[in-house]
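Participant: after the sequence you'll find the predicted model.
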Amino acid sequence: MRKLTQGLAFGLMVVLAGVGLDAGPANALPPLEKMLEEKVIGDPNAPVTIIEYASLGCPHCRSFHADTLPQIKKNYIDTGKAKLVYRDFPLGQRALAASMIARCAGPVRYFAMLEILFRDQPQWTQAQDAFASLQASAKKGGMSGAQVDQCLRFEPLLLGIRQQAQHAQDTYGIRSTPSFLVETKGETQKIEGAISYGEFSQILNRVTN
């Protein structure tokens, strides 16, 4: 994989150049610190933390969210045994734009927008007009075309996502998606790739029992 800083710096130019002309007035974006804060599902005080590094354009990440995460949520997150922290590791310009849109949706709508973008992944990753396709997906989550345009022009958010992804690469050796860190009692286990729920539950059972 190309060094992330190089890929996303190039993506900055391409994504912003691909945004449409002024689409009219838009509501103010959430504060930058709110957009870049940790996105957590579950009890913040849960004893086990599952950190997911994902790219919205990654088919294996899409499968994890569709097939595996609902079972993890039911058996570990909803029961207070674990929480999940979602972190962006966008691979490619379209995935980067999708990450920006999800964070621009605001903290209340964030995970709903995330699931819409994963569900619509086959459309916006393959569309000839990526911006229009992403706009259509964002509209399902309550964002106007003007808000999407404003979001993708907001360079501090793009740079913030880039910096967080670079930190993951430098600190934890994250190179591909999905990748996971399971943290408990000062110990961290790294999982790479889309493993089945059965394999994931074996790991979680060892640290939650």
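Facilitator: Noted; the coordinates are in hand.
Participant: CA atoms for contacts and neighbours, from now on please.
Facilitator: Fine.
Participant: got the residue ranges for the strands in this structure?
Facilitator: 39-41, 48-54, 82-88, 179-184, 187-192 (DSSP state E).
Participant: now the ones you listed in CSV, please, with extra columns for mean pLDDT and distance to residue 126.
Facilitator: Listed next are the strands of the chain as CSV, based on pLDDT from 0 to 100; distance: least, C-alpha to C-alpha, whole Å:
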stretch, mean pLDDT, distance to residue 126
strand 39-41, 96, 27
strand 48-54, 97, 19
strand 82-88, 97, 20
strand 179-184, 94, 24
strand 187-192, 92, 26
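Participant: OK, contacts around the residue nearest to residue 119 when sequence neighbours are not counted?
Facilitator: Nearest residue to residue 119, sequence neighbours excluded (C-alpha to C-alpha, 6 or more residues apart in numbering): residue 62, at 7.2 Å. Taking C-alpha atoms under 8 Å, 6 or more residues apart in numbering, we find residue 62 in contact with 56, 118-119, 121.
Participant: where in the chain is pLDDT low?
Facilitator: 1-27 (pLDDT under 70).
Participant: centre-most residue in it?
Facilitator: For the chain, the residue nearest the mean C-alpha position is residue 88 (4.1 Å; C-alpha atoms, centre = their mean).
Participant: residue 177 versus that one, what's the distance?
Facilitator: Separation of residue 88 from residue 177 (C-alpha to C-alpha, to the nearest Å): 10 Å.
Participant: who touches both of those two?
Facilitator: Joint contacts of residue 88 and residue 177 (C-alpha under 8 Å, 6+ apart) are 53-55.
Participant: mind listing what residue 183 touches?
Facilitator: Residue 183 touches 48-51, 189, counting by C-alpha under 8 Å, 6+ apart.
Participant: who wins for neighbours among these?
Facilitator: Highest neighbour count within those, by other C-alpha atoms under 10 Å: residue 49, with 24 neighbours.
Participant: hmm, residue 86 and that residue touching each other?
Facilitator: No - using C-alpha atoms under 8 Å, residue 49 makes no contact with residue 86, being 10.5 Å away.
Participant: quick one, helices of this protein?
Facilitator: 4-17, 32-36, 59-63, 69-72, 93-104, 110-119, 121-124, 130-140, 145-152, 155-172, 197-208 (DSSP state H).
Participant: got JSON lines for those helices, with distance to residue 82 too?
Facilitator: Shown next, in JSON lines, are those (distance: least, C-alpha to C-alpha, whole Å):
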{"stretch": "helix 4-17", "distance to residue 82": "30"}
{"stretch": "helix 32-36", "distance to residue 82": "22"}
{"stretch": "helix 59-63", "distance to residue 82": "19"}
{"stretch": "helix 69-72", "distance to residue 82": "9"}
{"stretch": "helix 93-104", "distance to residue 82": "23"}
{"stretch": "helix 110-119", "distance to residue 82": "17"}
{"stretch": "helix 121-124", "distance to residue 82": "27"}
{"stretch": "helix 130-140", "distance to residue 82": "29"}
{"stretch": "helix 145-152", "distance to residue 82": "32"}
{"stretch": "helix 155-172", "distance to residue 82": "20"}
{"stretch": "helix 197-208", "distance to residue 82": "8"}
